[in-house]
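Chemist: Need the 3D shape of this:
(chains A and B)
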2 protein chains.
Amino acid sequence: MIDCLIDGVAAQDVSADDRGLAYGHGVFETIEIAAGELPHWARHWRRLVLGCSRLGLAEPGEALLRGEAMRLARGHERAVLKLMLTAGSAGVGYRLPDGAPTRRVLCIRTWPERRLPTEGAALRLCRTRLPFDPALAGIKHLNRLHSVLARAEWRDEYAEGLLCDPDGCVVEGTMSNVFWVEGDTLLTPDLSRCGVAGIMRERILEWADGRGATARIEACPPERLRSADAVFVCNSLIGIWPAARLDRHLLPRAGLIEELLSAVRAGEC
Amino acid sequence: MIDCLIDGVAAQDVSADDRGLAYGHGVFETIEIAAGELPHWARHWRRLVLGCSRLGLAEPGEALLRGEAMRLARGHERAVLKLMLTAGSAGVGYRLPDGAPTRRVLCIRTWPERRLPTEGAALRLCRTRLPFDPALAGIKHLNRLHSVLARAEWRDEYAEGLLCDPDGCVVEGTMSNVFWVEGDTLLTPDLSRCGVAGIMRERILEWADGRGATARIEACPPERLRSADAVFVCNSLIGIWPAARLDRHLLPRAGLIEELLSAVRAGEC
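Modeler: Numbers count the residues shown, from 1 in each chain, chains lettered A, B, ... in the order given. This next block holds a predicted model:
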C-alpha cells in the first residue's frame, strides 16, 4: 500500500534542498481519516489557505490536494494523514522565486492508540516559553522547535505540557489547545500573538456557540487553570482530554465538561 | 560528481518523515570551501556542537563529519558546503526518543558570485520583527521563517535587509550579521535574546581583539546606524559588505572599516 504521495507520485523521500527542510518554509495538517473519508477536510483546507497566504506559498488547487488525500485515505477505517505543503526546491537563499510551485507531501500513518488514564490527563506547566510572534501566530507552520523543546522536558510522567507566553500566561499545549471551564462558560487563550489555532478548538468554539453557551477568549495565567471547574486539552486526534492535575495541583471535573464530552462522543462537535 | 552525502551515502533525498522537515529539528552551517579545504571548520564545528546540545541532538563524531565534508570538498577550488544535522526519522510526535541517531545531510553548491556595487550595499530596515527567544538565540537552527518573511519584503532593490527585535533595535540581517563603526570602535548587536551568532562576526571580533581595537556588543536602535561612521554586514560567504545606504539614508564609509577590509583581503581576519 502507498504510504506517501509527493507531488502526486508514490515516494518516501523529499529532495534534500527542500525549503521545508532548510527553513521550515511550509505548513502542515494532521488529519483524521475515518472510514476512508476526511470528515473535517474543509477546516484543514481553510487553515492551509491561510498558512500559504502568510508564508507566500502558491496555494495548490483544493480539488487536486483533496484528491491526493482521498487516494491515500481510501480503504483505511481509521488512520492519520499528515499533509505538508512546502515552498519546494526553488532558489538558493531565503528569497522564494516568483511562481515557485508548492510541494505537496502527504503521508499516511496508523491511528495512534493513546490511552488516557480514566482519572484524566496529568498536565505539566513547561519551562519553555513561546515568544510573542504575531507574524506566525495561528497557522500551523513547520517551525516547531518550541514544541520540541517543551516536549523534551518530560518523558511519560505527563500526558501533555502547557506552554506560556513571555507574560507567563498559558497559550497552548505542545500538541494541543487548552480550555478551562468556569461554571457554564468555556474559556480558551487568545492566539493572536503566538500559538496554533487548532481544528478541534474551532469545533468546540462552534459547538458552544450553537448551543447558546458562553465561550470566551481570555488571558490565562496558570492560577485560572488551578481555580477552574475543569481543564482540558484537545486536538484532532485525541479529541478532548480532561485534565486530572496540573503538576501537583489536582483539578476538578465539573461545569459543562461532561456535556461537551457527550457531544464529542455523539459526533455533535 | 557527488552532490550530497546523507549519512555518508551519496543521495539527493531525505526521508519525508525527517524531523528536520517536520519540525525544523536540526541545525545547519554554510561553509566555505577553498582549494578543497575547509578553512574555518573548527568554528563551524563549535557552533554545531552548541546547537546539538541546545536541541537535544546526539553529536556526530567530529572526525566522521569532517571526513564527509572533506570527501565532498575534494577537488573544488571554490564552493559552498551546506551541512545540516537533523534529529532524523525517530519517533512520532514531538518527543525525540532516547538514543535517536542524528542525520547528517551534506550538499555541495557552486560558489555564489554576488557582485556588490562598488559604492556599497543598499540595506533595508525590514518590517518583519525577530521575537525575543533566548532558548534558540545564537544557534543556527532550521526554524528560519523570520528570515524568509523578511527576505520576501523586497526583490533586488537591496543587497540585504536588517531585522529588529520587539524593542525596535537592529539584531542582524536576513543572512548576515551587522556591525557599525564609531571612530575606532567596532560595534555589533547583542545576540543573547535573538539572532544567529555568525562565524564571520566571530572572526571580526577576534581580529579587533588581536589588534588591540575596541569591539563592543551594544544595543542598536536604527539611529545608531544612521549616525555611524560606517556600517557593514558580513557572513562566511560574502565576507564584508560595506553599506552605502540604509533605506534612503546615505551612510559614510569612514573609521576603521578600510583597515578591516584590507585585513580580510589579506586573510588576516
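Chemist: nearest spatial neighbour of residue A:31, skipping sequence neighbours?
Modeler: Leaving aside its sequence neighbours, residue A:31 sits nearest to residue A:81 (C-beta to C-beta, 6 or more residues apart in numbering or on different chains; 4.3 Å). Just so you know, the C-beta spots here come from the backbone N, C-alpha and C atoms, and that holds for glycine as well.
Chemist: Now the one you found. Its backbone dihedrals?
Modeler: Here is the backbone geometry of residue A:81 (degrees, to the nearest 10): phi -110, psi 120.
Chemist: surely it meets residue A:107?
Modeler: Yes. Under the criterion of C-beta atoms under 8 Å, residue A:81 makes contact with residue A:107 at 7.4 Å.
Chemist: So for these two, which sits in the more crowded spot?
Modeler: Neighbours per residue, other C-beta atoms under 10 Å in any protein chain shown: of residue A:81 and residue A:107, the larger number sits with residue A:81, 22 against 18.
Chemist: can you pull the pLDDT of that one?
Modeler: Residue A:81 carries a pLDDT score of 97 in this model.
Chemist: that older thread, okay, and the common contacts of residue A:81 and residue A:107?
Modeler: Taking C-beta atoms under 8 Å, 6 or more residues apart in numbering or on different chains as the contact rule, residue A:81 and residue A:107 both touch residue A:72.
Chemist: just to revisit the earlier point, contact partners for the residue nearest to residue A:31?
Modeler: A:29-33, A:38, A:69, A:72-73, A:106-109.
Chemist: between those residues, which is nearest residue B:179?
Modeler: Among the contacts of residue A:81, residue A:29 lies closest to residue B:179 (C-beta to C-beta), at 42.2 Å.
Chemist: Next, count neighbours for the closest one.
Modeler: Residue A:29, neighbours per other C-beta under 10 Å, totals 23.
Chemist: next one: the one 4 residues further on
Modeler: Look at residue A:33: counted by other C-beta under 10 Å, it has 23 neighbours.
Chemist: do residue A:227 as well
Modeler: Neighbour count for residue A:227, taken as other C-beta under 10 Å: 12.
Chemist: How about residue A:100?
Modeler: For residue A:100, the tally of surrounding residues (other C-beta under 10 Å) stands at 17.
Chemist: who's in contact with it?
Modeler: Residue A:100 sits next to A:58, A:87-88, A:90-91 when contact means C-beta under 8 Å, 6+ apart.
Chemist: Intersect those with the contacts of chain B.
Modeler: Contacts with chain B within the contacts of residue A:100, counted by C-beta under 8 Å from any C-beta of the partner chain: residue A:87.
Chemist: Close to chain B: what parts of the stretch 51-200 of chain A are there?
Modeler: Contact residues (C-beta under 8 Å from any C-beta) of the stretch 51-200 of chain A with chain B: A:55-56, A:84, A:86-87, A:92-96, A:105, A:107, A:109, A:112, A:128-129, A:131-133, A:135-136, A:141-152, A:155, A:166, A:174-175.
Chemist: any idea of the pLDDT on residue A:115?
Modeler: As predicted, residue A:115 sits at a pLDDT of 75.
Chemist: picking that back up, using CSV, lay out the contacts of residue A:81 together with secondary structure.
Modeler: Formatted as CSV, the contacts of residue A:81 follow (DSSP: H, G, I helix; E, B strand; the rest coil):
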residue, secondary structure
A:29, strand
A:30, strand
A:31, strand
A:32, strand
A:33, strand
A:38, coil
A:69, helix
A:72, helix
A:73, helix
A:106, strand
A:107, strand
A:108, strand
A:109, strand
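Chemist: Nearest to chain B among the residues you listed?
Modeler: residue A:107 (5.8 Å; C-beta to the nearest C-beta).
Chemist: Look up how far residue A:30 lies from the residue nearest to the closest one when sequence neighbours are not counted.
Modeler: Closest residue to residue A:107 apart from its sequence neighbours, by C-beta to C-beta, 6+ apart: residue A:4 at 4.2 Å. Residue A:4 sits 15 Å away from residue A:30 when distances are taken as C-beta to C-beta, to the nearest Å.
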